[in-house]
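# sequence plus the predicted model coming up.
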Amino acid sequence: MKKILTLVFLAFTVLQTVGQTPYEKGMNAIQKGLPDLAEGYFVEAKTTADSLAANFQLGLIMESRERFTEAADFLVAADSSAAAMSHLAACRVEIKDWDEAKTAAEKAVELGGDPDVEASAMATLGLYYCHLKNYTNAAHWAKQATSKAPNNPRSWNVAGIVSYSKGNDSEAINHFRKALQVDPDNRDAYFNLGTMYCLRNNYESAVNTLRKGLQRHRQSLKLYHCLGWAYTLRGDKQKAIQCYQTVIELDSHYVDAYNRIGDIYFSQGDYELAISMYRQATRVAPRSAEGYKLMGHAYAEKGDYPAAIRNYQRATEMDKNDSQTYLLIADLYSKQGNQKREQANYKRAAKLGNTEAQAWCVKRGIKW
């Protein structure tokens, strides 16, 4: 019966849009809560005079789905309005493109206009300076954001992140709760509160908060991922695996979910399953060092030192400044009795400034 009603509703919606442009049809679908239908119309509108506006709407849709790289691409192709720049800045933060986030946020603040748009951009600047550990500037921008738009949830979320970074957990939690107070549907506030409860070892509150968030955002990658972490910390490893598997079902390229499942199997001593998950992570993100390094750990625990060394070496190819991995390689060569390669890897680590490696070399009179 529900399926029939849905089809009738969709048919009625289509009839309403007769004679409208693709962009107008898309906006009509958005108003009716049909983002999937809207996406198709906005894609069609990209070839019309409404292309800039269509790209903006596509950016918002992708942002709501937590597909931030795609969202940023659409927003770059949109107009240069304060709203587009503010949303672009928020997406850049999510993908850790900090300098571009700062540039877009500054542009949004410069353009001004809508207080909520400006406050969101100010909040992004707060996050930027928080990332740099410049907490004076971070606090300044967070305060500016909450003053500019007291009912903007992003402003309160960032104020909470700044407070946490400064070591004030209680204030951070109050700010996150304020974000939920002004917007009970705010996904980031549920995520931030869940994270705070995990950090404070209050796993029951973390699980309850994140599950409440998922009741409102049933396909949120970040909420499922954080819930997986909360279950892991609570000791419910099977539930954690289910959460991470849901993340992968929603986005098969979410590499961290593969690694976290691998970590659970590793902690249980099931190195074969751990290696399988880490290997999938390296296929999804072949340029990321983490999957190779974790696979190296698993092979080392399994006693397969040659395979462990190969994966550690791949990790150093991806991250040439990771001195600690050179120490791991040196240790495995030591266990194999290969002193020449053991020494070579200690020297590599020493050259990168690793004090443990430098001490090892000094003790043996070895220059690096």
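Cool, got the structure. Numbers count the residues shown, from 1 in each chain.

# can you give me the domain assignment for the chain?
1-78, 80-183, 321-368 (automatic domain parsing).

# among those, show me which one is buried the most.
Among the domains of the chain, the stretch with the highest mean neighbour count (mean count of other C-beta atoms under 10 Å) is domain 80-183, at a mean of 21. Where C-beta positions appear, they are placed from N, C-alpha and C, glycine not excepted.

# can I assume residue 59 is in contact with residue 88?
Yes. Judged on C-beta atoms under 8 Å, residue 59 makes contact with residue 88 at a distance of 7.5 Å.

# now the common contact residues for those two.
With contacts taken as C-beta atoms under 8 Å, 6 or more residues apart in numbering, the residues that reach both residue 59 and residue 88 are 72, 75.

# okay, residue 101 and residue 87: tell me how far apart.
Residue 101 is 11 Å from residue 87, where distance means C-beta to C-beta, to the nearest Å.

# scratch that, residue 79
12 Å.

# low-scoring stretches of the protein, by residue?
Scanning the chain for pLDDT under 70 picks out the ranges 1-18.

# buried residues, stretch 312-322. List them.
Residues 312, 314, 315, 316, 318, 322 are the ones in stretch 312-322 that count as buried (16 or more other C-beta atoms under 10 Å).

# so how far is stretch 337-355 off the chain centroid?
In terms of C-alpha atoms, centre = their mean, to the nearest Å, the centre of stretch 337-355 is found 34 Å from the chain centre.

# just the CA atoms of that stretch, as CSV, please.
Listed next in CSV are the C-alpha coordinates belonging to stretch 337-355 (Å, rounded to 0.1, in the frame of the first residue of the first chain):
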residue,chain,number,x,y,z
GLY,A,337,69.7,-11.6,11.7
ASN,A,338,70.2,-9.2,8.8
GLN,A,339,72.4,-6.6,10.5
LYS,A,340,73.2,-4.7,7.3
ARG,A,341,69.6,-3.9,6.5
GLU,A,342,68.8,-3.3,10.2
GLN,A,343,71.5,-0.6,10.3
ALA,A,344,70.4,0.9,7.0
ASN,A,345,66.8,1.4,8.3
TYR,A,346,68.0,2.8,11.7
LYS,A,347,70.1,5.3,9.7
ARG,A,348,67.0,6.3,7.6
ALA,A,349,65.0,6.9,10.7
ALA,A,350,67.9,8.9,12.3
LYS,A,351,68.1,11.1,9.3
LEU,A,352,64.4,11.9,9.7
GLY,A,353,65.1,13.1,13.3
ASN,A,354,63.9,10.0,15.2
THR,A,355,65.7,10.3,18.5
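
# ok, and what's touching that stretch?
321, 323-324, 326-327, 329-331, 333-334, 356-358, 360-361, 364, 366, 368.

# ditto for stretch 59-72
Contacts for stretch 59-72 (C-beta under 8 Å, 6+ apart): 35, 38-39, 42, 73-75, 78, 84, 87-88, 90-92, 94-95, 97, 219-222, 251.

# quick one: which of the residues you listed sit in helices?
Of these, the ones assigned to helices by DSSP state H are 35, 38-39, 42, 73-75, 84, 87-88, 90-92, 94, 221-222.

# wait, residue 216 touches residue 183, no?
No. Taking C-beta under 8 Å as the definition, residue 216 is not a contact partner of residue 183, at 10.6 Å.

# contacts only, for residue 173.
Counted by C-beta under 8 Å, 6+ apart, residue 173 has contacts 160, 193, 196.

# cool, thanks, talk later.
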